[in-house]
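Participant: Provided below for reference: sequence and predicted model.
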Amino acid sequence: MNQLIRCTTCDKIFMKTASDQWPEYDSVAVGSPGPYREIAKDDFQDFLKDHRNHPMENLQIIEDSFVSEKPYSEPTKTSYFKATNGKERFVIRKSRERIEEPLTYELIRGDYSLKLLRLEIQAEEIMKQLEREWKNPPLPRSKGEAFLNLCRRILKTVDIDHLERIPEDSSLPLETYYKMDEVSLAYLLRNCRNIFEGREYKEIEAFIHRHKEDGVLLLKATYGILIAESEKSKLEPLRVPHALNEKMMIEKK
């Protein structure tokens, strides 16, 4: 199993995995017995050599603390998660710039939070859905734009802390979708009477009820990752339990 290890002297981080001893392969000169040569490696042993005689400790990853600016499936990205040694909490920055590079881990003393960057309607998606559903005759573009402007007015009145978040995950980790609250929906329906009449109003009323729960009328919130670094704690470094020291010494041999 993966094991997150911290050097308490240098604050360097190593993620021990089953792939640490996977060999590398390099092309060889023409005429050699094979096209590649195998290069043995042991990343964990290299880490121990670089931090010889430094105390080590295991860090426990805090569940559900992962966050990334790119989709989690994207191999080249920077992401963050939290970890603890039982006394202190840390932020770990996990990154890779190129696919052929190994992942790197960096310890940050402090914490991170998510800052709301913008809350917006899904204007393009709303217009496309209106054009798709509204036919015979098609909805006049001017009325579609008026409906979008009405939705934008609602953004100025909502409090995101009182909105219901949609549980489904977005493909982008920093995008979250919220339902309009009942007051906002009532305001939307009431003011639609200033744009639509008769059959058109019944059409837009049905459109709102169809898409208010999980469709194009959801409000999209975009967040940014805010890192707050702190000074190094004045607490004495946590000493490595004898069992962990002995285990590492055995593995080193």
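Facilitator: Sure thing, it's come through. Residues are numbered from 1 along each chain as shown.
Participant: Give me the domain ranges for this structure.
Facilitator: Following automatic domain parsing, one finds the domains of the chain at 3-114+227-252, 117-223.
Participant: Confidence-wise, which of those domains is weakest overall?
Facilitator: Ranked by mean pLDDT, these end with domain 3-114+227-252 at the bottom, a mean of 78.
Participant: quick revisit: rebuild the domains of the chain as a markdown table, extending it with mean neighbour count.
Facilitator: Glycine gets a C-beta too; all of them are placed from N, C-alpha and C. Shown next, in a markdown table, are the domains of the chain (neighbours: other CB atoms under 10 Å):
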| stretch | mean neighbour count |
| --- | --- |
| domain 3-114+227-252 | 13 |
| domain 117-223 | 14 |
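Participant: Report all helices and strands that the helix or strand hosting Leu185 contacts.
Facilitator: Assigning secondary structure by DSSP states H and E places Leu185 in helix 182-192. Packed against helix 182-192 by the contact rule (3 or more CB pairs under 8 Å, 6 or more residues apart in numbering; DSSP states H and E) you find helix 141-155, helix 198-211.
Participant: Run through who's touching it.
Facilitator: 147, 150-151, 154, 157-158, 180, 201, 204-205, 208, 212 (CB atoms under 8 Å, 6 or more residues apart in numbering).
Participant: Let me have those in a markdown table, extended by distance to Asp64.
Facilitator: What follows is those, written out as a markdown table (distance: CB to CB, whole Å):
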| residue | distance to Asp64 |
| --- | --- |
| Phe147 | 38 |
| Leu150 | 37 |
| Cys151 | 32 |
| Ile154 | 31 |
| Thr157 | 32 |
| Val158 | 26 |
| Met180 | 27 |
| Tyr201 | 44 |
| Ile204 | 39 |
| Glu205 | 39 |
| Ile208 | 34 |
| Lys212 | 28 |
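Participant: wait, what's in contact with Trp134?
Facilitator: 203, 207.
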